[in-house]
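S.K.: One predicted model, sequence on top.
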Amino acid sequence: MARAVTPRRKLINTGFAWAIGLLIFFPILWTILTSFKTEAQAIASPPIFLNFDWTLENYGVVMERSNYARFLWNSIIIAGGSTILGLIIAVPAAWSMAFVPSRRTKDILLWMLSTKMLPAVGVLYPIYLLFIQMGLLDSRAGLVIVMMLINLPIIIWMLYTYFREIPVEILEAARMDGATLREEVLYILTPMAIPGIASTMLLNFILAWNEAFWTLNLTAVDAAPLTAFIASYSSPEGLFFAKLSAASTMAIAPILILGWFSQKQLVRGLTFGAVK
Amino acid sequence: MSLKSILRAATALSLTTAGSAFAEGHGATITIATVNNGDMIRMQGYTDQFTEQTGIAVEWVTLEENVLRQRVTTDITTNGGQFDIMTIGMYETPIWGANDWLVPLDDLSAEYDVDDILPAMRNGLSHDGTLYAAPFYGESSMVMYRTDLMDAAGLEMPTDPTWQFIREAAAAMDDPANDINGICLRGKAGWGEGGAFITVTGNSFGARWFDEDWNAQFDQPEWAEALNFYVNLMNDYGPEGYATNGFNENLSLFNQGKCGMWIDATVAASFVTGDDSTVADSVGFALAPNNEGVEKRANWLWAWALAIPAGTQQEAEAKQFIEWATSKDYIALVAANEGWANVPPGARTSLYETPEYQEVPFAQMTLDSINAADPNNPTVDPVPYVGIQFVAIPEFAGMATEVSQEFSAAYAGQQTVEEALEKAQAIATEVMEAAGYQ
Amino acid sequence: MATKASRSAARLMMAPAVVLLLGWMLVPLIMTLWFSFRTYLPLRGGDQGWTGFDNYVRFVTSSAFWPAVQTTLIIVVGVLIITVVLGVLLAMLLDQPMWGQGVVRILVIAPFFVMPTVSALVWKNMFMDPVNGLFAHLWRFFGAEPVSWLSDAAMPSIIMIVSWQWLPFATLILLTAIQSLDSEQLEAAEMDGAPKLKQFYYIILPHLGRAITIVILIQTIFLLAIFAEIFVTTGGAFGTRTLSYLIFQRVLESQNVGLGSAGGVYAIILANIVAIFLMRIVGKNLDN
């Protein structure tokens, strides 16, 4: 809602908002800056902001020590795979809840959300034993399934709220014109819900990317994503701020860039039905 | 970033997309879980040589200590089979060995010369006389102090100081105006961090965790004396916020010249005299202290060791790797490339007989400290357990972490020493009852 | 509008999601229940038979139990208050006309993309370290004694770290809601000479009610389970042990799966109490 304001007011708004934005962003900025310092500069007192010899040494060390590409690839596969699989299962479910609601729809929805409250660590041993039985330990497939299940309630919830915003009249009109259920979903519903689906995908991708309990405990080599990569740089012996910063930057950069490029979609769709 | 690493990344990317076909093409691949300490990282760098010699490829899973413990313990107790070699310590080895979860290392080759392993290390990594893990490096604890500050204070550090002298020296070197703390010690919660340190401090005051009937002993005067001494010492001459300082935090403090003394792992010696240290030229070493009149010193004994989980498909290959990584040749390899000060210490007798290594300033004190530690007889009064800074029972890690959290809260001034000891007593008693010791 | 055919089709479409989630919930739940009645010590030969309600009694009578429940609730409520209040203010600010709005929005939402482990590591080491942390430098610059954040102010520190991570989420949802506010209403109020504060209370806040409910609901689900932030920063020391961290200590550090499972059952009960409480509010708000 663009309102006309005086330039002075706009200037104040701008200054204020930028100051707060930078304050919130600062920890990330500081991490990125530190990743280009030497270990000694990283803990220098007083702290150095920009006037240091920028070095890529930390990144070189991290690349040398870890198979970054493999961790990255695993993260992409796990986050991406679970998102796609989740959508395939969630779209029909959300559709039917939104357009063919029954008395129990809301109960089912709330029950689904409540499954997310089971404390993960309590079931580590059961799940680990189950994974051994099924041969899923350290496999991307296993993690894709787990991540999908963890985030499924959120996906369904989000999609449900979008679908509900789509006016039923349009669907009815289509049906009058003789559209089948399949056509209805494919040609009318889906295009209208694309912003919602896009932001659901993004949110799910972010959540799966950042999940650090199951991804760490159910993997070793083949399926280990970036959360495991980070675990090899936190608190070793000796000075480590700079190397930790480099590893951290490498772990969050892909998702940060993705998030920035797609923030419009994310913002547009991230409502959970908050707006009516 | 060098061209080499870019190339490496590019190859890695193309290889990972090709999947595991690559690994299979070159015969066996073993997976090793290890901790992210400097010596292990260095070993990873030399792995290519092992692969060249044997054709066995190696996959590393390098994790931070706490995550590693959690990961390997889950895997070994469920027989998950994710790793062919696990890096474990002196605490885990006897317990896991007793459960038959590890492959006994009783048929190592003659050139490996198993008798060369330091007796203290070999004992600590054995169960019923059978070796279950080969030490990659070993450590005790000792005093590291600033010779320049001691000189300025007009004091001389004996090779076997008492806690009373340590306090005197801390008072003399403490210089808040110049940002120098008299002494830096671990206070961080966690059984392997502050828990280990306060346990050996307790030993050196005549305290113990349990009596011979597994009754917790935190209600005894020795513990009160030890803990009070530690808290007073640190409140008077220790750094700000020592309740959250562990090995790493103290290392960076010492390296920045902010500590007069630091009592910690002997492996720290190569760091404080290394390139990252601003005080490398003025560090002296002494045995860990004892309370006047108590024969036990605050020496601990620890080794990071390589063990093979029973049930691995690649036992022979794993043994080959262990023989390579903990051999005399490996030590010589590191010495040739990085200098003698950087070889993994504390594992082999022959290392300490090498003339070049004897010239390393901290070599002799490290050996003396290791020899001063006796896991089978750690305290003044008899105890039913093995282990110096730990009690080698499965319940210990959890219990000691909780106890050390209570202690850390006392260090931070959130409760009194008496309250902390009372809670420690309750925690230990509760755990021992639950585990059926009483 | 729903015909019989579409109704059965709808059931069919829902089936996979329901069955999967039912499985995902029931299998671990049943296993947790099973283990909670057994003496299961992985380091002492594994499953050693029935033990009745011993684990339940032991877990709840442990001196750590009630403080852990309290800590959990304090963290959840603390983070909710901070993120909702700051989120509303921030959303209103971002809604104002300004230069570079897109960039500011990017800066504000960035923390949401950072892994909890990474953010905990960064805060702990590079900001809250009492010697080398940036806060310590700042404090010293102003001549103050540096604070040992993670021991002397452990709970506020953790609440702050978690709030930093979740503030973007709250802000985003609230911002979308504010943007949907009918600006004519506000302009009319402005013409009537209604003071800003009144506008906020009577127009903006009621409009945001639904969005705030959503924020509270979603965040609570995630906050009840926070783990990495505590694992990395304090390891549960200094009164920061939440219920899920206590279960972690029982299961992994003490290697007592039976006891930990009993704790898991308590955690599920607690989560459900919170959930019922929440659902009441949310359910009402969502119906309108």
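M.R.: Great, that's in hand. Numbering: from 1, shown residues only, chains lettered A, B, ... in the order given.
S.K.: Enumerate every residue touching residue 118.
M.R.: Picking chain A for this. Neighbouring residues of residue A:118 by C-beta atoms under 8 Å, 6 or more residues apart in numbering or on different chains: C:25, C:28, C:29, C:264, C:267, C:268, C:271. (C-beta placed from N, C-alpha, C; glycine too.)
S.K.: switch to chain B, that's the one I care about
M.R.: B:135, B:138, B:346, B:347, B:348, B:349, B:370.
S.K.: what's the helix or strand for residue C:231?
M.R.: Secondary structure assignment for residue C:231, by DSSP states H and E: helix C:228-233.
S.K.: Just give me the residue right at the centre of the chain.
M.R.: With no chain named, the answer covers chain A. Geometric centre of chain A, nearest residue: residue A:206, 0.7 Å, by C-alpha atoms, centre = their mean.
S.K.: switch to chain C, that's the one I care about
M.R.: Nearest residue to the geometric centre of chain C (C-alpha atoms, centre = their mean): residue C:223, 1.8 Å.
S.K.: And for that one, nearest residue in space, chain neighbours not counted?
M.R.: Closest residue to residue C:223 apart from its sequence neighbours, by C-beta to C-beta, 6 or more residues apart in numbering or on different chains: residue C:76 at 4.6 Å.
S.K.: burial count for that neighbour?
M.R.: Residue C:76 is flanked by 21 other residues according to other C-beta atoms under 10 Å in any protein chain shown.
S.K.: how much space between residue B:438 and residue A:8?
M.R.: According to C-beta to C-beta, to the nearest Å, residue B:438 and residue A:8 sit 77 Å apart.
S.K.: For those two, work out which one has more neighbours and name it.
M.R.: residue B:438 (11 against 8).
S.K.: what sits against the more buried one?
M.R.: So residue B:438 contacts B:213, B:214, B:215, B:432 (C-beta under 8 Å, 6+ apart).
S.K.: What residues of the helix or strand hosting the last one count as buried?
M.R.: Spelled out, it's residue B:432. In the assignment (DSSP H and E), residue B:432 maps to helix B:417-434. Using 16 or more other C-beta atoms under 10 Å in any protein chain shown as the burial criterion, the residues of helix B:417-434 that qualify are B:417, B:420-421, B:423-432, B:434.
S.K.: hey, where'd the strands end up in the stretch 1-150 of chain C?
M.R.: Secondary structure of the stretch 1-150 of chain C (DSSP state E, counting those that start in this stretch): strands at C:38-41, C:46-50.
S.K.: hang on, the earlier thing: wait, the residue nearest to the centre of chain C touches residue C:81, no?
M.R.: No - when contacts are counted by C-beta atoms under 8 Å, residue C:223 is not listed as touching residue C:81 (11.7 Å).
S.K.: Quick one: name the residues of the stretch 101-250 of chain A near chain B.
M.R.: A:124-125, A:128-129, A:132, A:137-138, A:216-217, A:220-222, A:224, A:228, A:231-240 (C-beta under 8 Å from any C-beta of the partner chain).
S.K.: May I see the PyMOL selection of the buried members of these?
M.R.: Selection of buried members from those for PyMOL, criterion 16+ other C-beta under 10 Å:
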select buried, chain A and resi 124+125+128+132+137+138+216+217+220+221+222+224+228+231+232+233+234+235+236+237+238+239+240
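S.K.: near chain C too, which of the residues of the stretch 101-250 of chain A next to chain B?
M.R.: A:124, A:125, A:231, A:234.
S.K.: what about the helices in chain C?
M.R.: In chain C, helices defined by DSSP state H lie at C:4-36, C:54-61, C:65-95, C:101-109, C:116-122, C:134-141, C:149-152, C:154-179, C:183-191, C:196-199, C:205-223, C:228-233, C:243-248, C:257-287, listed in chain order.
S.K.: other SSEs contacting the longest one?
M.R.: Think helix C:4-36. Under the contact definition 3 or more C-beta pairs under 8 Å, 6 or more residues apart in numbering or on different chains; DSSP states H and E, helix C:4-36 sits against helix A:68-99, helix A:105-114, helix A:124-134, helix A:140-165, helix C:257-287.
S.K.: Show me the one of these that comes nearest residue C:198.
M.R.: When these are compared by C-beta to C-beta, helix C:257-287 sits nearest residue C:198, at 23.3 Å.
S.K.: Can you find the helix or strand in chain C with the smallest mean pLDDT?
M.R.: Counting by mean pLDDT, DSSP states H and E, chain C has its least confident helix or strand at helix C:183-191, which shows a mean of 75.
S.K.: mind listing what's buried in stretch C:10-30?
M.R.: Quick answer for stretch C:10-30 (16+ other C-beta under 10 Å): C:10, C:13, C:14, C:17, C:18, C:20, C:21, C:24, C:25, C:28, C:29.
S.K.: Which two among these are spaced furthest apart?
M.R.: C:10 and C:28 (28.3 Å).
S.K.: which bits of chain C sit near chain B?
M.R.: Within chain C, the residues that sit near chain B (C-beta under 8 Å from any C-beta) are C:41-46, C:58, C:62-64, C:129-132, C:145-146, C:148, C:150-152, C:231, C:234-239, C:241, C:249-250, C:252-256, C:259.
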